[in-house]
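no sequence on this one, just coordinates:
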């Protein structure tokens, strides 16, 4: 388990790709559970978020995964799909937990504006991480993966705003 976390940290730091994740349904299940747990933790710890926000976030996350899966399959790299999904879910969970930890730590020593800025930057780091993962999965340059990740991110934002047109302020 420690090896999985260290590998996910290396992927988040853009040092490894999804090929470093073992091809295993068990690993994929573990990363899925971590991703769901992270989503629940963020929802529970963030003022103004509720069950509906968790469901909307989970749905938009699944839509993003479906987009990435379509790209991987259409590019002829289907054998890499399980590892790529595991990497995206695991890195997403780790980034979410880092977001929570930063909110807790900075919440005691800094202003709310700084806490929100740092939290937003941490969450936005998921875009280049996902771009890196996708680029490595389909053997393309990093900017191709980044372009896809930005497109998926925009789609997810649009979809989330459609599902929840009156977000809490």
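Nice, I can see it. This structure is a prediction, so every number in the text was calculated from the model and none was measured. Residues are numbered from 1 along each chain as shown.

worst-scoring helix or strand of this protein, pLDDT-wise?
Ranking every helix and strand in the chain by mean pLDDT, DSSP states H and E puts helix 112-124 at the bottom, with a mean of 90.

could you say what helices and strands that one packs with?
Under the contact criterion of 3 or more Cβ pairs under 8 Å, 6 or more residues apart in numbering; DSSP states H and E, helix 112-124 touches helix 81-109. Heads up, the C-betas are built off the backbone N, CA and C, glycines and all.

one step back: tell me the helix or strand right after the least confident helix or strand of the chain.
Per DSSP states H and E, the first helix or strand lying C-terminal to helix 112-124 is helix 126-137.

Pull out the buried positions in the least confident helix or strand of the chain.
Buried residues in helix 112-124, counting neighbours by 16 or more other Cβ atoms under 10 Å, are found at 115, 118-119, 122-123.

Next, format those residues as TSV and append distance to residue 101.
Below are these laid out as TSV (distance: Cβ to Cβ, whole Å):
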residue	distance to residue 101
115	12
118	11
119	10
122	9
123	13
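
ok, the residue of the chain most remote from its centre to residue 103 distance?
Distance from the centre of the chain peaks at residue 109, with 26.9 Å (Cα atoms, centre = their mean). According to Cβ to Cβ, to the nearest Å, residue 109 and residue 103 sit 12 Å apart.

swap in residue 110?
Residue 110 sits 10 Å away from residue 103, going by Cβ to Cβ.

So which of the two has more stuff around it?
Neighbour comparison, residue 110 and residue 103: the larger count goes to residue 103, with 17 against 14 (by other Cβ atoms under 10 Å).

Retrieve the pLDDT associated with the residue nearest the centre of the chain.
With distances taken as Cα atoms, centre = their mean, residue 92 lies nearest the centre of the chain, 2.8 Å away. Per-residue confidence (pLDDT) for residue 92: 97.

rewinding a little: please identify which of the buried residues of helix 112-124 is nearest to residue 88.
Set against residue 88, the nearest of those by Cβ to Cβ is residue 123 (14.4 Å).

For the closest one, which non-adjacent residue is spatially closest?
Of all residues beyond its chain neighbours, the one nearest residue 123 is residue 99 (5.6 Å), with distances taken as Cβ to Cβ, 6 or more residues apart in numbering.

number of nearby residues for that neighbour?
Counted with other Cβ under 10 Å, residue 99 comes out at 23.

Would you mind listing the residues in contact with the residue nearest to the centre of the chain?
35, 38, 61, 126 (Cβ atoms under 8 Å, 6 or more residues apart in numbering).

Looking at those residues, spot the one nearest residue 15.
Closest to residue 15, out of all of these and judged by Cβ to Cβ, is residue 126, at 16.3 Å.

Alright, calling it a day.
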